[in-house]
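1. pasting the structure only:
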């Protein structure tokens, strides 16, 4: 007989409107709903999972916003917040998954989730590394860093690379991938503590606290007197504008995130955008979900790096599903150092 349990969950209470910063009030913790621990008979090729670790990421701001025309929207007020996470399969009618498998992919902010085939789900092949790594290093953030740097940035040995928000889930990995290729790497972050991590733990050649710089253009000239070959952008705004002014001829700007702009009603313009033409700068954004076919190739390489100790990784861990709203809000206040994740249950 199937067991029925309470399924604690975080619901989206209301959309985050344009120009509005995320608050804990946009979400609501519910502890009274129940779930039967078995895939419903009418659900073919479905997977019921117990969520173990949930990822907190800035793109959640878009997920929790009012849907735009033409967008593939995921969230609805009154329903659990969607997001990526690591889980254990409780029951399955899907041919590729069985009870006891560990998986990562798109789930919801709740203790148990019923996942249908239309969602992205990967079986975890390596359980001899921390499962939490699949919320970041070996999950979507890691794949984002790998694709963004190796596929989009077109790096060459010895090039000069600048990474913004460099202590975050993606930035810390981009910097290390660049160092493995023999590049000179500089990162920016929002505190002296984060700057020290970039240099001492992740091996960046230099790093600076952008909050202490009154002139970002001058700061970049100090670290890149001959210019920047690759700028891996996670923030947009003033930092992107300053980087454009310091790019080398035929430099590449990879636009991964624009966290400085997400809560603005009107995004900031760029004075240096006119330099894109005379400097022949290639500026390109990308959607990592279009590169999922590269996941197994990426996983094999990065698991090897992890086991060798070649790649270092820093997690910022919050305990309990109830911590998810505050953890998410804290991303936009620069509170996290490393990959922010929430532990729902430990195996």
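-> Structure received. These figures come from a predicted structure and were not determined experimentally.

2. flag the shaky bits of the stretch 201-347 of the chain, pLDDT-wise.
-> For the stretch 201-347 of the chain, the stretches with pLDDT under 70 are 261-266.

3. what about the strands in it?
-> With strands called from DSSP state E, counting those that start in this stretch, the stretch 201-347 of the chain shows them at 206-209, 228-233, 247-255, 282-285, 315-319, 339-343.

4. dump the residue contacts of the nearest residue to residue 258 once chain neighbours are set aside.
-> Leaving aside its chain neighbours, residue 258 sits nearest to residue 236 (3.3 Å; criterion: C-beta to C-beta, 6 or more residues apart in numbering). For every residue, glycine as well, the C-beta is placed using N, CA and C. Residues in contact with residue 236 (C-beta atoms under 8 Å, 6 or more residues apart in numbering) are 255, 257-261, 267-268.

5. those residues, buried ones only, as a PyMOL selection?
-> Selecting only the buried entries of the contacts of residue 236 in PyMOL, with 16 or more other C-beta atoms under 10 Å as the criterion:
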select buried, resi 255+257+258+259+260
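
6. nearest to residue 38 among the contacts of residue 236?
-> Using C-beta to C-beta, residue 257 is the member of these that sits closest to residue 38, with 39.1 Å.

7. quick one, domains of this structure?
-> As assigned by automatic domain parsing, the chain contains the domains 4-137+314-343, 141-288.

8. rewinding a little: next up, phi/psi of the residue nearest to residue 258, please.
-> Backbone torsions for residue 236, taken as degrees, to the nearest 10, come to phi 70, psi -160.

9. so for residue 141, which of the strands of the stretch 201-347 of the chain sits nearest?
-> Evaluated over the strands of the stretch 201-347 of the chain, closeness to residue 141 peaks at strand 339-343, with 6.4 Å, by C-beta to C-beta.

10. what's in contact with the closest one?
-> If you take C-beta under 8 Å, 6+ apart as the criterion, strand 339-343 is touched by 52-57, 132, 135-137, 141, 168-169, 172, 313-321, 323-324, 327, 330-331.

11. the helix or strand hosting residue 10: how far from the chain's middle?
-> Taking DSSP states H and E as the definition, residue 10 sits inside strand 9-12. Remark: strand 9-12 is offset 20 Å from the chain centroid, using C-alpha atoms, centre = their mean, to the nearest Å.

12. please apply the same query to stretch 44-52.
-> Between the centre of stretch 44-52 and the centre of its host chain there is 23 Å, according to C-alpha atoms, centre = their mean.

13. ditto for stretch 282-297
-> Counting by C-alpha atoms, centre = their mean, stretch 282-297 is centred 13 Å from the centre of its parent chain.

14. so what touches it?
-> 120, 122, 140, 143-144, 146-148, 151-152, 250-256, 276.

15. report the buried members of those residues.
-> Buried members of the contacts of stretch 282-297, scored by 16+ other C-beta under 10 Å, are 122, 140, 143-144, 146-148, 152, 251-256, 276.

16. need the contact list for the nearest residue to residue 210 once chain neighbours are set aside.
-> Using C-beta to C-beta, 6+ apart and skipping residues adjacent in sequence, the residue nearest residue 210 is residue 188, 4.6 Å away. Listed by C-beta under 8 Å, 6+ apart, the contact set of residue 188 reads 162-166, 207-210, 239.

17. redo that, cut-off 7 Å
-> By C-beta atoms under 7 Å, 6 or more residues apart in numbering, the contact list for residue 188 reads 164, 166, 207-208, 210, 239.

18. can you pick out the most distant pair from the residues you listed?
-> 207 and 239 (13.7 Å).
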